[in-house]
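S.K.: compute the structure for the input listed below.
(chains A and B, ligands or ions: 1)
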Amino acid sequence: MTNWVEACSTGDIDAEDVIRFDHGGKTYAVYRSPDDKYYATDGLCTHEKIHLADGLVMDDIIECPKHNGRFNYTNGEAMGAPVCVNLKTYPVRVDGGKVLINIG
Amino acid sequence: MSMAAATPRYGHRDYSMLGQEAQDAVTAGLRSAEWYHTEVARKDLKELMKRSDGPAIRDTIIWLGLMVVFAGLAIWLWPSWWAALPLAAYGVLYGSATDSRWHECSHGTAFKTPWMNDVVYHIACFMIMRNPTRWRWSHTRHHTDTLIVGLDPEIAVMRPPVLFKVILAFFGILDVWHAMKNMVMNTFGVISAEEKSFIPDMEWPKVILAARVWFVIYAATIATAFFFNSWLPIVLVGLPRIYGAWHHVLTGLMQHGGLADNVLDHRMNSRTVHINPVSRFIYWNMNYHVEHHMFPMVPYHALPKLHAMIGHDLPVAMPSMWACYREMIPAWARQFRGEDYFLVRDLPPTARPYRPDLHGQATSPAAAAAE
Ligand code: FES
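M.R.: Residues are numbered from 1 along each chain as shown, chains lettered A, B, ... in the order given. Just a heads-up that it's a prediction; the model follows:
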């Protein structure tokens, strides 16, 4: 199932950073990597439901602001304690300066 | 200055993770609750959170280099009593500096490069005798539920304080006893009910593996001591956790000592204290403790900058260890005599007020006293 929604403009996110995007009662995190690619994941950490958009992006890693748990935001992989459950990721495309994510 | 408050609710508390207080805290909505944060612009925070290897590599070279020098001097002077001098310094680097290295590396903030954090973390864990997996999880819980009775497994001084425990802590006696007991239990594959309450089962094999590695190292150390018919191997491996523990206890007690429990604002339950540069090196800037709890992603070397940035919203930092102990000891003495009593931090006029109603708790005794 495809359901592309506009999350933000490309310029809304700094390189190597993340922003929060809320839609339909859910929260997402939208990332811009250092090499200018865009990614999207669930917005809440799988450990204790903290907003990842307050965390730190380092290369392809997002570090959670609460206990420094780390995920690879390009594929959602949990990198080790205290995060043990992977993060759900969403397809992203850029169209006319807009970042769209497929929330399914 | 702080004012003090009496708590109407508690007499004796059950600090275990499985007791009545734990259940009460969950019922009161204190578990994994939302905590107060000072507003910091994202741009500034990103700058502060930036990782780098440089400061921690420099500090680690100094730390381990000094340990080698002092150990060498001790071996050279042994068995003369003069060996006690280098051993005193070696002991603090082994039994105290490792507390802060363990801590900072468990957050993954000391170094930018993950493997460097991991290596120093495991070295520090061994010396401070904290099972790397168990303590990663207990510290996670400490940050989720700081000073929430029954939920935080790292509350150093309970209310009322048990005096002999506080005194023994300076010599690491109880810590070492518990660490050795747990190590032996874990070595034989036993995970206690308390450990199970905060370590997910998928992590238990790691707890057991580390315990077994340590067991072998301590067995080898004791065997070496017998082989050379000398105490020196034990004086250098293991025993420094006792004779060098005093500094990490001295600094660690200041973090939350005498302050409110069961509140959802680190300004109320944590303390920032200005201390001398040598202690700051040993303690890796954890004297900026309110700042660390509010923003655990900020590396130790950036905490003074963070302190300058958010100081307007925090209680005034204590000017010295001396001032801090002058505040804590009388508070503990009153608690020891059976009074339900604790210190409430005054917020400056520039700070946002403490608002328990906004943070999930309307019945906080600290709040009642502060309002
Ligand atoms: S809430 Fe994200 S690591 Fe704990």
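S.K.: you'd agree A:A40 is in a helix?
M.R.: No: counting by DSSP: H, G, I helix; E, B strand; the rest coil, A:A40 falls outside a helix, being strand.
S.K.: contacting residues for it?
M.R.: Residues near A:A40 by Cβ atoms under 8 Å, 6 or more residues apart in numbering or on different chains: A:A7, A:F21, A:Y28, A:A29, A:V30, A:Y31, A:T89, A:Y90, A:P91, A:V92, A:I101. Yep, even glycine has a C-beta here, placed from its N, CA and C like the rest.
S.K.: which one of the residues you listed is nearest to B:Q335?
M.R.: Within the contacts of A:A40, the smallest distance to B:Q335 is 44.0 Å, found for A:A29 (Cβ to Cβ).
S.K.: returning to that earlier point: in ChimeraX, select just the buried ones from the contacts of A:A40.
M.R.: Buried residues within these, by 16 or more other Cβ atoms under 10 Å in any protein chain shown, are selected in ChimeraX with:
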select /A:7,21,28,29,30,31,89,90,92,101
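S.K.: dump the contacts of A:A40 into JSON lines; add secondary structure as well.
M.R.: JSON lines is the format used below for the contacts of A:A40 (three-state DSSP):
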{"residue": "A:A7", "secondary structure": "strand"}
{"residue": "A:F21", "secondary structure": "strand"}
{"residue": "A:Y28", "secondary structure": "strand"}
{"residue": "A:A29", "secondary structure": "strand"}
{"residue": "A:V30", "secondary structure": "strand"}
{"residue": "A:Y31", "secondary structure": "strand"}
{"residue": "A:T89", "secondary structure": "strand"}
{"residue": "A:Y90", "secondary structure": "strand"}
{"residue": "A:P91", "secondary structure": "coil"}
{"residue": "A:V92", "secondary structure": "strand"}
{"residue": "A:I101", "secondary structure": "strand"}
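S.K.: chain B contacts on chain A?
M.R.: Chain A comes close to chain B at residues A:17, A:48-49, A:55-56, A:58, A:63, A:65-68, A:70, A:81-82, A:84, as judged by Cβ under 8 Å from any Cβ of the partner chain.
S.K.: same thing but at 10 Å, please
M.R.: Counting by Cβ under 10 Å from any Cβ of the partner chain, chain A comes close to chain B at A:14, A:16-19, A:47-50, A:53-58, A:61, A:63-70, A:79-82, A:84.
S.K.: give me the buried subset of those.
M.R.: A:16-19, A:47-48, A:50, A:53-58, A:61, A:63-70, A:81-82.
S.K.: for chain A, what spans make up the strands?
M.R.: Applying DSSP state E to chain A gives strands spanning A:4-9, A:17-23, A:26-32, A:38-42, A:56-58, A:61-63, A:70-72, A:89-90, A:92-95, A:98-102.
S.K.: those into TSV, with extra columns for mean pLDDT and distance to B:E39?
M.R.: Output for those, formatted as TSV (pLDDT from 0 to 100; distance: least, Cβ to Cβ, whole Å):
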stretch	mean pLDDT	distance to B:E39
strand A:4-9	96	22
strand A:17-23	97	16
strand A:26-32	97	20
strand A:38-42	98	25
strand A:56-58	95	18
strand A:61-63	96	21
strand A:70-72	97	25
strand A:89-90	98	30
strand A:92-95	96	30
strand A:98-102	97	26
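S.K.: kindly reformat those as a markdown table containing distance to B:N117.
M.R.: Shown next, in a markdown table, are the strands of chain A (distance: least, Cβ to Cβ, whole Å):
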| stretch | distance to B:N117 |
| --- | --- |
| strand A:4-9 | 32 |
| strand A:17-23 | 22 |
| strand A:26-32 | 23 |
| strand A:38-42 | 23 |
| strand A:56-58 | 13 |
| strand A:61-63 | 12 |
| strand A:70-72 | 11 |
| strand A:89-90 | 25 |
| strand A:92-95 | 30 |
| strand A:98-102 | 32 |
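S.K.: find the closest residue to the ligand in the stretch 51-200 of chain B.
M.R.: Per Cβ to the nearest ligand atom, B:T140 is where the stretch 51-200 of chain B lies closest to the ligand, at 6.4 Å.
S.K.: that residue - that's part of a strand, no?
M.R.: No: judged by three-state DSSP, B:T140 forms no part of a strand; its state is helix.
S.K.: count of residues packed around it?
M.R.: Other residues lying near B:T140 total 23 when counted by other Cβ atoms under 10 Å in any protein chain shown.
S.K.: show me the contacts for it.
M.R.: Shown in contact with B:T140 (Cβ atoms under 10 Å, 6 or more residues apart in numbering or on different chains): A:47-48, A:66-69, A:81-82, B:106-107, B:153, B:198-199.
S.K.: run the last query once more with 6 Å
M.R.: Contacts for B:T140 (Cβ atoms under 6 Å, 6 or more residues apart in numbering or on different chains) come out as A:H67, A:P82.
S.K.: do B:M67 as well
M.R.: Counted by Cβ under 6 Å, 6+ apart, B:M67 has contacts B:L93.
S.K.: which helix or strand contains it?
M.R.: Assigned by DSSP states H and E, B:M67 falls within helix B:54-77.
S.K.: for the residue most central in space within chain A, give me its contacts.
M.R.: Closest residue to the average C-alpha location of chain A: A:A29 at 3.3 Å, with Cα atoms, centre = their mean. Contacts for A:A29 (Cβ under 6 Å, 6+ apart) come out as A:V18, A:T41, A:G43, A:L52, A:A53.
S.K.: ok, 8 Å please
M.R.: Contact analysis of A:A29 by Cβ under 8 Å, 6+ apart lists A:18-21, A:40-43, A:51-53, A:62, A:73.
S.K.: quick check: the gap between it and B:A351.
M.R.: Remark: distance between A:A29 and B:A351 (Cβ to Cβ, to the nearest Å) = 30 Å.
S.K.: same thing with B:V263?
M.R.: Distance of B:V263 to B:A351, computed by Cβ to Cβ: 15 Å.
S.K.: between these two, which has more neighbouring residues?
M.R.: Shown here are B:V263 and B:A351; by other Cβ under 10 Å, B:V263 has more neighbours (28 against 17).
S.K.: picking that back up, within reach of the ligand, which of the buried ones among the residues of chain A next to chain B are there?
M.R.: For the ligand, the contacts drawn from these by Cβ under 6 Å from any ligand atom are A:H47, A:E48, A:I50, A:C64, A:K66, A:H67, A:G69, A:P82.
S.K.: between those, which is nearest B:F170?
M.R.: Nearest to B:F170 among those: A:H67, at 29.4 Å, using Cβ to Cβ.
S.K.: what about that closest one, distance to A:P82?
M.R.: Applying Cβ to Cβ, the value for A:H67 to A:P82 is 5 Å.
S.K.: since that was my last question, I'll sign off now.
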